[in-house]
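Visitor: got a sequence here, can you model it:
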Amino acid sequence: MSHEKLARDIVQGVGGEENVVSLVHCATRLRFTLKDTSKANKTALEKMDGIITVKESGGQFQVVVGNKVPEVYAAIGDVSGILNESKNGANSKDQASSGKKGFGALIDIISSIFAPLLGVMAGAGILKGLLLIADNVGWLPKTSSTYIILFGAADSLFYFLPVLLAVTTARKFGGNIFTAMTIAGALLIPSVTALNGSETPVTFFGIPVVMMSYSSTVIPIILAVIVMSKLEKFFNRVIHESVKNFITPMLSLAIMVPVTLLAFGPFGVYVGNGIADALLAAFSFSPLIAGAILGAGWQLLVIFGVHWGLVPVFINNIAVYGRDGIKPAAAASVFAQTGAALGVMLKTKNKKLKTLSASATLSALFGITEPAVYGVTLPLKRPFIAGIIGGAVGGAIIGQGGTQAFASGAPGLLTIPIFYGPGGEGFPALLIGISASFIISAVLTYILGFKDPVEQEDAVVSETPSTSTTKQSESKSVSEIALSPLSGTVLPLADVPDPAFAAEAMGKGVAIEPSEGRVVAPFDGTVTVAFKKKHALAVVSDTGAEVLVHVGVDTVKLDGQYFTSHIQEGDRVTAGQLLLEFDVEQIRAAGYPTVTPVIVTNTFDYADVLPLQQGAVQAGDELLETVAVTDNDPK
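Guide: A predicted model of the protein is given here:
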C-alpha cells in the first residue's frame, strides 16, 4: 500500500480531517488528539495493511505504523490540511482543550510536546555518546577543535532545548511560535545568564529574582508558553485589529519573560529536581529492586503511553547532574522484548509469523519495540511475560551495577554509547544486563512456547473431533470449485479479527461480511461437522475438498442463540441447499463481529487455493478454486 493511500485511509478512519485537533508522531506512532474519539473507527483502522495496532492512551488516539511513521506523517500532510499552520500554529484554537482531564490530559501534553523531538534527540544523543567514548579511550581528546565542533553539533539540541520545547508547546496550545521562541531565547541570552553569577542582587522593579541556569531545562519554558498562549488569546480579543499583530507580542514578551524568571523558572527547576531526587533516592535505597521494577515494567508503561511522564525526568537529570541513573534500566526491557521476539522467530513454524517476528526483532534491536510488542509478543501472551521476566533480571543487574546515561536517546543497539561515561564505570553492567535480558527472554519464550498458529490448525474445529482434516493427504487431490455459501462482501482472511484465521493457520480461503443470515452448501457433499452451538459447520465434497464456514468471531459464546441449524453431521447435501440461518443484526448488537471465514481446511492437500471473487458476492457464485497437486509439485 502506498503511503498516500494509507494516509487517506487513516484520516478517514479517525473521523475525518475535521475531527482532528492535532497530530504529532514519535518513532512508530501517529499520535492524534481528536475532538470526538467515538467518530474514529478503531476496528477498521486495525484491519488496514500497514497498521500494526491502534491504542487509546494518555488522551491520545495512537495509530502504530512502525518505522515508516515519518513517511506516513508526511503523506497525511500532503493529502490533508491537518499539518497546516492553521491547525497547529498561531491561529489555531486551544488544542489542549480536547476533553481530556486529569492524568490522561497530562500525558497527552507531555507526549505531544516531546514526541516531535525524539528523532533528532536520539541522533544527537548517539553522537554525544560516541564522542564521550572517543575521549575516554584517547582517540579524540576534548581539547581538540574537531571534538569541540562535533560536540557542539551533538550538544546544541540539549543546550537550546527550551527553544525547541517552546515550538512544540506553542503548537500544542495554539500560541504564536515565534513569540514562544523569543521567550525561550531570553532565558538563554548571555546578558541574562550572566546575572546568575552576579554578586549584586538581581531584582525586577525591586522584586528579588532567583536566577537559575535554564539551558537544557524543561518545565520552566513549558509553563511559560502555556500561560503565554492563554494570554495571547485574551489580548487578541481586546486589542484592536489594526495593532494587535505587534501589540500582542510586545505585551506577551514584556509580561512573560519577567514572570518566568520570577516564578516559573525557580518553580520548574525546583519541581524537576525534587522529582529527580525522589527517584534517585529509590535507586539509592535498593538499586537492584528499583532496576528490576523498571526493567520489568517499562514496556507496560509504553503500552499505556504513560512512560512519557518519565521523559522530562531523564532529561532534567542529565541537564542538572550531567548523568541519569534511572533510564539505563529501561534498556533491559527493550532488549528483553527483542529477545522474546527472537524466541518466537526460532520457535514458530508459521511462515508469516516467522517473517513478522524476524522483522520485529530487527526493529526492536534499534529501540523500536512496538512491532515486536503489539505484533508478536503481546498477542501470544507467554513471550510477553518472558520479556517481563528477562527485563526484571537485566534491570536488576544494571541497577546494581550503577549504570548511568550521559545523553538522551531511546535505548537500543545504536544508543549504547550514551551509557559510556568517564572511566566506563557501570558500562560493563549495562552490557551484561541487556545481554542477560535478551538471552533469558529468548530462551524462556522457546521453552514456555506459545499457541503457534500452525499448531492451532484445527483450533476451532477441535470443538468436535469428527472432522476429516486429520486425514489430509490420504488421497490424491483434484481441482474443484466451491460456491459462495453466503451473500455479502468478500474480504481477505487477514481482515478477520482472529489470529488463527487471519494467519491462514487453519487453511486458505476468504472472509465474507454477510448481508443476510443464510448459509448454503458450497457443493454437493457430506456434512462432516455441525457444531452443537450452531455457529459453524464443515462440508466435504465428493472429491475430498473440505470447506469450513465459521459465522462471526467468538460467536461460540452465544451458545446457539440467534442461530437455526437445518442439518446434522453425516447429512448428504446438494449445492445451494440451506444449511444454517442466523440473525445478523442481533449478533452484531450482542457485540460480536459477523465477518465469516470460508476456508478450505485441508489446504495442504492442494497446490493452492485461489479466491475467485472480490467485493460483492451472492450465495451460489463461484468463490474458491482448489488447485490439484500435479506430479511436478514439490508436495
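Visitor: which residues of the stretch 251-400 of the chain score low on pLDDT?
Guide: Counting by pLDDT under 70, the ranges of the stretch 251-400 of the chain that qualify are 269, 272-273, 275-276, 279-280, 303-309, 319.
Visitor: try 90 this time
Guide: Applying pLDDT under 90 to the stretch 251-400 of the chain flags the ranges 263-287, 290-291, 294-295, 297-327, 329-330, 349-381.
Visitor: where do the helices sit along it?
Guide: 265-285, 287-304, 311-321, 328-347, 351-365, 370-372, 378-380, 382-401 (DSSP state H, counting those that start in this stretch).
Visitor: those into JSON lines, with extra columns for mean neighbour count and distance to residue 219?
Guide: To be clear about C-beta, it is placed using only N, CA and C from the backbone, and glycine gets the same treatment. Output for the helices of the stretch 251-400 of the chain, formatted as JSON lines (neighbours: other CB atoms under 10 Å; distance: least, CB to CB, whole Å):
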{"stretch": "helix 265-285", "mean neighbour count": "16", "distance to residue 219": "3"}
{"stretch": "helix 287-304", "mean neighbour count": "21", "distance to residue 219": "20"}
{"stretch": "helix 311-321", "mean neighbour count": "20", "distance to residue 219": "7"}
{"stretch": "helix 328-347", "mean neighbour count": "30", "distance to residue 219": "21"}
{"stretch": "helix 351-365", "mean neighbour count": "20", "distance to residue 219": "31"}
{"stretch": "helix 370-372", "mean neighbour count": "28", "distance to residue 219": "28"}
{"stretch": "helix 378-380", "mean neighbour count": "20", "distance to residue 219": "33"}
{"stretch": "helix 382-401", "mean neighbour count": "26", "distance to residue 219": "26"}
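Visitor: what number of residues lie near the residue nearest to residue 494 when sequence neighbours are not counted?
Guide: Nearest residue to residue 494 in three dimensions, chain neighbours excluded: residue 502, at 5.2 Å (CB to CB, 6 or more residues apart in numbering). Neighbourhood size, residue 502 [other CB atoms under 10 Å]: 18.
Visitor: quick one: contacts for residue 502?
Guide: Each residue near residue 502 by CB atoms under 8 Å, 6 or more residues apart in numbering is listed here: 493-496.
Visitor: separation between it and residue 492?
Guide: From residue 502 across to residue 492, the span is 9 Å (CB to CB, to the nearest Å).
Visitor: and for residue 168?
Guide: Noted for residue 168: a distance of 39 Å to residue 492, by CB to CB.
Visitor: more neighbours: the two, which one.
Guide: In this view residue 168 and residue 492 are compared by other CB under 10 Å, and residue 168 has more residues nearby, 21 against 15.
Visitor: just checking, that one touches residue 120?
Guide: No. At 11.8 Å, residue 168 does not count as touching residue 120 under the criterion of CB atoms under 8 Å.
Visitor: so residue 376 sits against residue 343, correct?
Guide: No. Judged on CB under 8 Å, residue 376 makes no contact with residue 343 at a distance of 9.6 Å.
Visitor: overlap of the contact sets of the two?
Guide: Residues touching both residue 376 and residue 343 by CB under 8 Å, 6+ apart: residue 383.
Visitor: how's this structure carved up into domains?
Guide: As recorded under automatic domain parsing, the domains making up the chain are 3-107, 160-276, 287-448, 475-627.
Visitor: same list, those, but as CSV with distance to residue 154 please.
Guide: Rendered in CSV, the data for the domains of the chain read as follows (distance: least, CB to CB, whole Å):
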stretch, distance to residue 154
domain 3-107, 19
domain 160-276, 12
domain 287-448, 7
domain 475-627, 43
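Visitor: deepest of those domains, which one?
Guide: domain 287-448 (a mean of 23; mean count of other CB atoms under 10 Å).
Visitor: measure that one end to end?
Guide: Terminal residues of domain 287-448 are spaced 29 Å apart (CA to CA, to the nearest Å).
Visitor: show me where the stretch 51-200 of the chain has helices.
Guide: Going by DSSP H, counting those that start in this stretch, the stretch 51-200 of the chain shows helices at 69-79, 85-88, 102-114, 118-136, 145-159, 161-173, 177-188, 190-193.
Visitor: and those helices: which comes nearest residue 402?
Guide: Residue 402 lies closest, by CB to CB, to one member of these: helix 118-136, at 16.5 Å.
Visitor: contacts only, for the closest residue to residue 575 other than its chain neighbours.
Guide: Nearest residue to residue 575 in three dimensions, chain neighbours excluded: residue 523, at 5.1 Å (CB to CB, 6+ apart). By CB under 8 Å, 6+ apart, the contact set of residue 523 is 480-483, 539, 541-542, 545, 547, 575.
Visitor: let's see that with 6 Å instead.
Guide: For residue 523, the contact set (CB atoms under 6 Å, 6 or more residues apart in numbering) comprises 482, 541, 575.
Visitor: my guess is residue 444 meets residue 387, correct?
Guide: No. The criterion here is CB atoms under 6 Å, and residue 444 misses it with residue 387 at 8.5 Å.
Visitor: in this structure, which helix or strand is least confident?
Guide: When each helix and strand of the chain is scored by mean pLDDT, DSSP states H and E, helix 85-88 comes last, with a mean of 42.
Visitor: still on that earlier bit, if I average pLDDT within each of the helices of the stretch 51-200 of the chain, which one is lowest?
Guide: Sorting these by mean pLDDT places helix 85-88 lowest, at a mean of 42.
Visitor: how about low-confidence regions in the stretch 501-635 of the chain?
Guide: For the stretch 501-635 of the chain, the ranges with pLDDT under 90 are 501-508, 528-536, 538, 542-544, 553-561, 568-571, 589-592, 601-609, 613-615, 627-635.
Visitor: mind listing the strands for it?
Guide: Applying DSSP state E, counting those that start in this stretch to the stretch 501-635 of the chain gives strands spanning 508-514, 518-520, 525-530, 536-541, 546-550, 563-565, 572-573, 578-582, 596-600, 608-611, 615-617, 622-627.
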